[in-house]
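Engineer: Have a look at this prediction, sequence included:
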2 protein chains.
Amino acid sequence: MSYQQLQHKYQEIGDLEHALSVLGWDEAVMMSSGGGTTRANSLATLSAHVHRIKSDPDNAALLEAASGDNSLNEWQRANLEQMQRDWIIAQAVPEDLVVALSKASSTCEQNWRALRAQNNWKAIEPLLREVLKLTKEQADCLSEARGVSAYDALIDLYQPGLGQASIDPVFDDLASFLPEFVDTVIEKQRLPLPMPEKISAEKQKNLAVTLMQKIGFAFERGRLDTSHHPFCGGVPDDTRITTRYNEDNFLDSLMAVLHETGHALYEQGLPARWRGQPVGAALGMAIHESQSLLMEMQVCRGKEFIKFAAPYIREELADRNADSLAFSADNLHAHSILVRRGLIRVDADELTYPLHVILRYELEKDLLSGTLEVSDLPEAWDAKMRQYLGISTLGNDADGCMQDVHWYAGLVGYFPTYSLGAITAAQIFATAVKDNVDILPGISQGDFKPLLTWLRQNVHEKGRLLSADQLLNDVTGASLSTRDFKQHLTNRYW
Amino acid sequence: MSYQQLQHKYQEIGDLEHALSVLGWDEAVMMSSGGGTTRANSLATLSAHVHRIKSDPDNAALLEAASGDNSLNEWQRANLEQMQRDWIIAQAVPEDLVVALSKASSTCEQNWRALRAQNNWKAIEPLLREVLKLTKEQADCLSEARGVSAYDALIDLYQPGLGQASIDPVFDDLASFLPEFVDTVIEKQRLPLPMPEKISAEKQKNLAVTLMQKIGFAFERGRLDTSHHPFCGGVPDDTRITTRYNEDNFLDSLMAVLHETGHALYEQGLPARWRGQPVGAALGMAIHESQSLLMEMQVCRGKEFIKFAAPYIREELADRNADSLAFSADNLHAHSILVRRGLIRVDADELTYPLHVILRYELEKDLLSGTLEVSDLPEAWDAKMRQYLGISTLGNDADGCMQDVHWYAGLVGYFPTYSLGAITAAQIFATAVKDNVDILPGISQGDFKPLLTWLRQNVHEKGRLLSADQLLNDVTGASLSTRDFKQHLTNRYW
């Protein structure tokens, strides 16, 4: 009965988190600016209610009793483990801090949108300082409760079980491998024919919807909208992805949609009978990112997908008389794997992307420990950009330390999951195409069923039944390693 | 301190109601069908949390202590009265019933959308029966706690202070006055030139936005979207109106927008320093409807407004060579006051509209008392339609008893507020144009400031400081009467 009581409480938490998720999507996609203050208050109150249920003192006895319940099956046991983890985390952080952090993050994020557009670092700096101060307090609480470093405690919020000890060797490996690799690829790659410009958002959206449907996105359980930055939000039964349409570079927008489609397929594929329960949730942000990058990088930027998609792209976008060479499968593929050093992480190719992440990883560690003052962030950012990518962001904070919403939204410890996701994607996809030889031919013919079935069975439907490391070992026979990722890069770019 | 504690609790309630309101808007405008079940659960849990705070046993002592607090100003005292009312209502209804009613209503409403389109009464009937059963339970609880009839207890939820005793004489008056009046008007009215067909939704939306801005809708604190039925949702700082665009009758869609704009101006004009507190809310649905109908019926279907709007309508919609006569101010005005008996309440003109409402008023009283069985509703509807409007809905339940969402969404006791609103609108507007002689000339020149300023000061900014009856007496010098409404109809149609 204790377990059932806990499960009932989590149904309530799931209902409140549904509200948080949809209101978060609404804030980014629909909300008018005047609604910002009351929205921030509403989100903070909802977070407080979630926190109150999770940190209810009665939970201690319930968890204790449930852990001795021998009737639980493996899913219930895994669910209980997630509840225990939640309890430790919730109990460690006082409700006042939860509310303060929620409000400060909402306010800072809302202001960031306009201030980034104005390249106004001075105005956002105090708001960011407040968010980081509260994040540090949160990290200290969690660090003490969980017996790990403050930074590890934050990373673990986004990918349970992940920490510096497993990230450092991976990032060291990439940091030593990539810069020279990038140099060589940029030097030797052939430049494709330019793409036609001024392709309307409407046409791009039609194309995006067609390809999303082909891949398996269930529109009766989701939407596609427009927002400033592409993201995947909503809930598993109503998964909402967004993109922005660049009329002068449709491939950018399309790949953003396909990336978010990978996220969405994961959400839509989570185990339906565990909706609202922690074991029914995605396994963490690194695994989430592995699903989006598997779709974008492994599948959609690959030759097989482009071969399948090229006729649809031509059909929807091409001026029939003029654009045949630019829209050839070869040229589209060349565009989709073009490597260019740039300022913006979200526009980066898969070779330079990890360098953007490593930069943020190093800076946020220093911000959290206090080695780096918030006021010195623009200079520190510029220095790292020169070091890793040879470009300066001096005087251009909009495209420097103000380019990403994460820190302004209180997300510290999140960035590493992007590159861990890329590596995991390569490892999982390498296994998938060996496991089922129909996957690659299927993609080139527009039949995504073999791939999606494999992902559903091996990843999506597992929810949080296993840890990320267990899952990876179960599926690929090994813990996380850069081997397949480097092999993939070598195959594609060398 | 007791009062401050209560106010703090209401801030939390306001935050949760913000979530309920935005999620309700999202359900009607954005949600994909798959999201229905989890959304129903989320709304029910949020309602339960609101109910839990409102019915907290500690409130009794706090309310008692606060009522003896002589330091409270008139706004705080009015706020406290609202809290006392809330407490009696919340305490009367058990949380289980709140949750069950919320879930049953969400489920029934979600299914109603598709089933109405299929004219499938048999499938919706059991869902409606469940909603009505729970609504009856709720009404019985409230009836006992408040010492009024079950039906009055429900009406009071939508317009505090309203009940059958004040509705019956008004509706009797209209039921005896209108049928003959309608006959005569239909006989003698001249038929206008037909309007051009196939006017795109995009053009209609541009026109709607232009006129909304002229009238004073603040787009930085609101939105205009598309939904199956027009409504006004969201929150005062982010007020969201919707419409549907009928390509063959743009005036219908435009008038729906202008109606909702009236609702929205009320919301946007509520007293900002009382956000989230009960005294800061709208005064009830009859007063709300008075603001939408004042805008639609008194202002926008009047000659002055049409004179101002005609050039904008021509500019946006007219084919410059063809449509000049159809788009003349005279012809547009004739269309806007055309009287026709029809099946659909939301499409009805202001003369036949009250007859639709009286029909529903009589039927819902009988449904609630049990005199009318749910299974007999289609026949009873048909009989009343023949009686009041001379039209049959036999075999056409989609346009009969399935046409309105209200009962399917658990709203019983709501319909009377529409016609009370129409009467109130006439009474308020008659006073306004006498009070400030610049209002009417302003409208004909597109200057809505005199009108909006007057409404802000006399109605919007009052929130719930006064009762509806007090407000009406303060503003117009009299309680509710049909006099100005009948005068208005006579002036316009006779």
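Structural biologist: It's in. Just so we're clear, the structure is a prediction, and the values are computed from it rather than from any experiment. Residues are numbered from 1 along each chain as shown, chains lettered A, B, ... in the order given.
Engineer: For the stretch 151-300 of chain A, list the residues in contact with chain B, please.
Structural biologist: With CB under 8 Å from any CB of the partner chain as the criterion, the stretch 151-300 of chain A meets chain B at residues A:218-223, A:234-235, A:237-238, A:275-276. Using the backbone N, CA and C atoms, a C-beta is placed for each residue, glycine as well.
Engineer: what's the most distant pair in those residues?
Structural biologist: Across these, no pair lies farther apart than A:Phe219 and A:Gly276, at 22.7 Å, counting by CB to CB.
Engineer: more crowded one of these two?
Structural biologist: A:Gly276 (22 against 14; other CB atoms under 10 Å in any protein chain shown).
Engineer: correct me, but that one touches A:Leu16?
Structural biologist: No: A:Gly276 is beyond contact range of A:Leu16, at 9.8 Å (criterion: CB atoms under 8 Å).
Engineer: re earlier: going by neighbour count, which of the residues of the stretch 151-300 of chain A next to chain B comes out on top?
Structural biologist: The residue in these with the most neighbours, by other CB under 10 Å, is A:Asp238 (29 neighbours).
Engineer: Check that residue and give its pLDDT.
Structural biologist: Note on A:Asp238: pLDDT of 98.
Engineer: can you check A:Met295 too?
Structural biologist: As predicted, A:Met295 sits at a pLDDT of 98.
Engineer: now it, nearest residue through space, not along the chain?
Structural biologist: Once flanking residues are discounted, A:Met295 sits nearest to A:Gly262: 2.9 Å by CB to CB, 6 or more residues apart in numbering or on different chains.
Engineer: Wasn't the one you found part of a helix?
Structural biologist: Yes: under DSSP: H, G, I helix; E, B strand; the rest coil, A:Gly262 falls within a helix.
Engineer: A:Arg301 is in contact with that one, correct?
Structural biologist: No: using CB under 8 Å, A:Gly262 is not in contact with A:Arg301; the gap is 11.9 Å.
Engineer: And these two? Which one has more around it.
Structural biologist: A direct count of neighbours by other CB under 10 Å for A:Gly262 and A:Arg301 places A:Gly262 higher, at 28 against 24.
Engineer: Now do the more buried one against A:Arg113, distance only.
Structural biologist: 26 Å (CB to CB, to the nearest Å).
Engineer: contacting residues around stretch A:169-180?
Structural biologist: Residues outside stretch A:169-180 that contact it (CB atoms under 8 Å, 6 or more residues apart in numbering or on different chains): A:351-352, A:354-355, A:357-358, A:361, A:388, A:416, A:419-420, A:423, A:480, A:482, A:486.
Engineer: who touches A:Asp237 in this structure?
Structural biologist: By CB under 8 Å, 6+ apart, the contact set of A:Asp237 is A:221, A:268, A:275, B:34-38.
Engineer: again with A:Ser479
Structural biologist: Applying CB under 8 Å, 6+ apart, one finds that A:Ser479 lies in contact with A:469, A:472-473.
Engineer: what are the ranges of the helices in the stretch 351-494 of chain A?
Structural biologist: For the stretch 351-494 of chain A, applying DSSP state H, counting those that start in this stretch gives helices covering A:353-369, A:377-389, A:416-435, A:439-444, A:449-458, A:468-476, A:483-493.
Engineer: Next: the stretch 101-250 of chain A.
Structural biologist: Taking DSSP H, counting those that start in this stretch as the test, the helices found in the stretch 101-250 of chain A are A:121-146, A:150-158, A:164-188, A:201-215, A:250-269.
Engineer: Can you give the domain ranges for chain A?
Structural biologist: A:2-118, A:148-494 (automatic domain parsing).
Engineer: how much space between the spatially most central residue of chain A and B:Ser102?
Structural biologist: Geometric centre of chain A, nearest residue: A:Glu289, 4.7 Å, by CA atoms, centre = their mean. According to CB to CB, A:Glu289 stands 36 Å off from B:Ser102.
Engineer: re earlier: what's near enough to touch the residue nearest to A:Met295?
Structural biologist: Contacts of A:Gly262 by CB under 8 Å, 6+ apart are A:291-296.
Engineer: And what about the nearest residue to A:Asp399 once chain neighbours are set aside, helix, strand or coil?
Structural biologist: Take A:Asp399 and drop its neighbours on the chain: the residue closest to it by CB to CB, 6+ apart is A:Leu343, 4.4 Å away. Following three-state DSSP, the label given to A:Leu343 is coil.
Engineer: show me the contacts for A:Leu343.
Structural biologist: By CB under 8 Å, 6+ apart, the contact set of A:Leu343 is A:385, A:391, A:393, A:396, A:399-400, A:403.
Engineer: how many neighbours does A:Gln213 have?
Structural biologist: Counted with other CB under 10 Å, A:Gln213 comes out at 12.
Engineer: quick one, what contacts the residue nearest to it when sequence neighbours are not counted?
Structural biologist: Nearest non-adjacent residue to A:Gln213, counting by CB to CB, 6+ apart: A:Phe219, 6.9 Å away. Residues near A:Phe219 by CB under 8 Å, 6+ apart: A:209, A:212-213, B:32.
Engineer: any idea how far A:Arg39 is from A:Phe219?
Structural biologist: As defined by CB to CB, A:Phe219 lies at a distance of 27 Å from A:Arg39.
Engineer: Contacts made by stretch A:392-402 with the rest, please.
Structural biologist: Stretch A:392-402 has contacts (CB under 8 Å, 6+ apart) with A:112, A:115-119, A:121, A:124, A:343-344, A:363, A:377-378, A:380-382, A:385-386, A:408.
Engineer: Tell me the buried residues in that stretch?
Structural biologist: Neighbour-count burial for stretch A:392-402, counted by 16 or more other CB atoms under 10 Å in any protein chain shown, picks out A:393, A:396-402.
Engineer: what is the rounded mean pLDDT of that stretch?
Structural biologist: Stretch A:392-402 comes out with an average pLDDT of 96.
Engineer: distance between the ends of it?
Structural biologist: The first and final residues of stretch A:392-402 sit 14 Å from each other (CA to CA, to the nearest Å).
Engineer: could you dump the helices of the stretch 101-250 of chain A to a markdown table with mean pLDDT?
Structural biologist: Compiled in a markdown table, the helices of the stretch 101-250 of chain A are given as follows (pLDDT from 0 to 100):
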| stretch | mean pLDDT |
| --- | --- |
| helix A:121-146 | 98 |
| helix A:150-158 | 98 |
| helix A:164-188 | 96 |
| helix A:201-215 | 97 |
| helix A:250-269 | 97 |
